[in-house]
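A.B. asks: Got a predicted model here, sequence first, then my questions.
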There are 2 protein chains.
Amino acid sequence: MSVSVPETSRVYTLAQRPTGTPTSDDFELETRQTPDPDAGSVLVRTLYLSVDPYMRGRMRAGESYAEPWDVGAPLEGGVVGEVVASNGGGFEPGDVVTGNLQWAEYATAAGSDLTRVDPDRAPLSASLGVLGMPGTTAYFGVNEVARPRAGETFVVTGAAGAVGSVAGQIAALNGARVVGFTGTDEKAAYLEDELGFDAAVNYATTEDYAAALDEAAPDGVDAYFDNVGGEITDAVFSRLNVDARVAVCGQIALYNATETPTGPRKLGTLIEKRATVEGFLVSDFAPRFERATRQIGEWIAAGDVQYRETVTEGLENAPEAFIGLFEGDNIGKQVVKVADPDL
Amino acid sequence: MSVSVPETSRVYTLAQRPTGTPTSDDFELETRQTPDPDAGSVLVRTLYLSVDPYMRGRMRAGESYAEPWDVGAPLEGGVVGEVVASNGGGFEPGDVVTGNLQWAEYATAAGSDLTRVDPDRAPLSASLGVLGMPGTTAYFGVNEVARPRAGETFVVTGAAGAVGSVAGQIAALNGARVVGFTGTDEKAAYLEDELGFDAAVNYATTEDYAAALDEAAPDGVDAYFDNVGGEITDAVFSRLNVDARVAVCGQIALYNATETPTGPRKLGTLIEKRATVEGFLVSDFAPRFERATRQIGEWIAAGDVQYRETVTEGLENAPEAFIGLFEGDNIGKQVVKVADPDL
């Protein structure tokens, strides 16, 4: 199998560190020499690129759980692509793989950093969503951290997003009453009508989140999966039941803040409710990813878990797709389609 | 054994609900008929009365984990006293007992709500402190919630208080480096020189708590036992290590606030650090109190746990002793001595 690889190809670099919400000026689309794979590496042609809220943290200087991107250097993220050349990397041209690669049309990676994707299992992009990092985040956040039980009430924010939509469905499979906070009526209807959420609250048209919770979660909140933070989280904390568990997955409402966000101090509530608040990173569960994605795949096959994707076409539109995450433009997983498979 | 009981005796009632820090006007010392014990009850002559920060919550109207005190009704709290009359309550005159009784010279209680105190085991007042609720709070908060391990760093606020001073010593027995925050140089010296804390920070003379932590806890914070809340807690959260555990026991810095206290939002920190914040109430561990106090007693006998008490003389001075808790007037457990044993 022979593949023609262009001499130059496009790659996004970080033009500058954003202040507040990122804009297109923070990204630069460069044309660079297409790299050759070193020994043990392969050259991958990008098919789908993932944009995720956590990447906002990588745009900042300074320590975080994800290494900061360097100004002038290529951005990185989850990619599904096809191997077009291998230099002893353990893959053959035509293999479909996933891993953390550059926001680029072509990129190299060590074979050991890539995972094979079965192209017959599901649409390729699912490896970046329900069968990838967001899906496993939902799986472990629900089953290992928030731990909703039958008869309990589970609340999730960012409920129509890549993580929240799966989290709510897994909580429902565990027998919990599931309530989602989301930002449009369309998303609320999707959660209630298609995903089987017991209730969905459109926070954009809701003034009093606590009152909305009294209606949507009349027995209080036993398990809370937080992707958003801020005032919705304040309201949920005010409705926690005794022994409640809070899984802190993301705080997208705060990621673009230019000053330290402040809010009501809530630790006293935790005493009275003997509640537990636990932050988690899905990467800590890496040894169990395969088992989790196998389980999620079975749920999809059985019709117990549904998912949607929002696909933006063209590498050049990746910044727009990323910035749209903070506007809630996506339903389900936001991916960027860079190319069709052609091997 | 025959005892003369006065026809009338003194009891404190709640005069009004305080706004902000309680004052003596919020308490009223009344002279009432000394009660007769109902069937199954005993009459107890108070020897020591406990005043504790959590009682501030009982002065408020509205739901909390401790029932609110009613305006005009007697206050309640931990008491050590001697039984002076029994009406089938399962105790004999002369027995020393502890339980939740009124802030009164004489009070009745169901025999089933009282616990016998061995007067030869320790000073009677210890049943209200190191061998009572504060001691067991420290024991379970350290061993079940904060869980410091050998080689880790443990930080406690309110470190010279009834709970904090014991918590720090138990953490040290577990092999942790122990750092305490306290409010005077005298207390800091007590923690370092007598209780064996590795470092003590006088927050009253410290401007930058985070910088003080960098010195006192150079390897970061693995386990945090919070009695205080507010800005010290903000600083500790900024220094949490990966997998840190925070036990939320009290928030005394906030109890007298008249408006909802606000502060920096810290949930994002918990994600990055995979940290857990857990509120707890010692009452949930009631079935294991006996085992815990036996263990603490053994540590005291072995010289591994030291304790002090601050004794205020006279029931009439109980409000002053209580209000002093919020000024940090006490070292170790604050008790009110109401009478000497005389049976």
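C.D. replies: All right, it came through fine. Numbers count the residues shown, from 1 in each chain, chains lettered A, B, ... in the order given.
A.B. asks: How about the residues of the stretch 51-200 of chain A by chain B?
C.D. replies: A:64-65 (Cβ under 8 Å from any Cβ of the partner chain). The way it works is simple: take the backbone N, C-alpha and C, and place the C-beta from them, glycine included.
A.B. asks: Also the stretch 201-343 of chain A?
C.D. replies: Along the stretch 201-343 of chain A, the residues adjacent to chain B under the rule Cβ under 8 Å from any Cβ are A:226, A:229-230, A:233, A:248-251, A:254, A:260-265, A:267-281, A:284.
A.B. asks: Narrow the residues you listed to those in helices?
C.D. replies: Using DSSP state H, the members of those that fall in helices are A:230, A:233, A:267-273.
A.B. asks: Tell me the one among those nearest to chain B.
C.D. replies: Comparing those against chain B with Cβ to the nearest Cβ picks out residue A:270 as the nearest, at 3.1 Å.
A.B. asks: how about the residue lying closest to that closest one once chain neighbours are set aside, what does it touch?
C.D. replies: Leaving out its chain neighbours, the residue that sits closest to residue A:270 by Cβ to Cβ, 6 or more residues apart in numbering or on different chains is residue B:279, at 3.1 Å. By Cβ atoms under 8 Å, 6 or more residues apart in numbering or on different chains, the contact list for residue B:279 reads A:267, A:269-276, B:248.
A.B. asks: Who does residue B:279 form a beta bridge with?
C.D. replies: Beta bridges link residue B:279 to residue B:248 when assigned by DSSP bridges.
A.B. asks: I'd like to know how far it sits from residue B:146.
C.D. replies: Residue B:279 sits 12 Å away from residue B:146, going by Cβ to Cβ, to the nearest Å.
A.B. asks: now residue A:87
C.D. replies: From residue A:87 to residue B:146 the distance is 51 Å (Cβ to Cβ).
A.B. asks: Those two - which one has more neighbours?
C.D. replies: Neighbours per residue, other Cβ atoms under 10 Å in any protein chain shown: of residue A:87 and residue B:146, the larger number sits with residue B:146, 31 against 14.
A.B. asks: residues touching that one, list them.
C.D. replies: By Cβ under 8 Å, 6+ apart, the contact list for residue B:146 reads B:154, B:167, B:171, B:223-225, B:245-247.
A.B. asks: just the ones in helices among the residues of the stretch 201-343 of chain A next to chain B now: which is nearest residue A:213?
C.D. replies: residue A:233 (11.4 Å; Cβ to Cβ).
A.B. asks: so what's the closest one scoring on pLDDT?
C.D. replies: pLDDT recorded at residue A:233 is 98.
A.B. asks: Can you tell me the closest non-neighbouring residue to it?
C.D. replies: Excluding the flanking residues, the one nearest residue A:233 by Cβ to Cβ, 6+ apart is residue A:226, at 5.5 Å.
A.B. asks: Residue A:160 too?
C.D. replies: That would be residue A:187: by Cβ to Cβ, 6+ apart, it lies 3.8 Å from residue A:160.
A.B. asks: Am I right that that neighbour is in a helix?
C.D. replies: Yes: under DSSP: H, G, I helix; E, B strand; the rest coil, residue A:187 falls within a helix.
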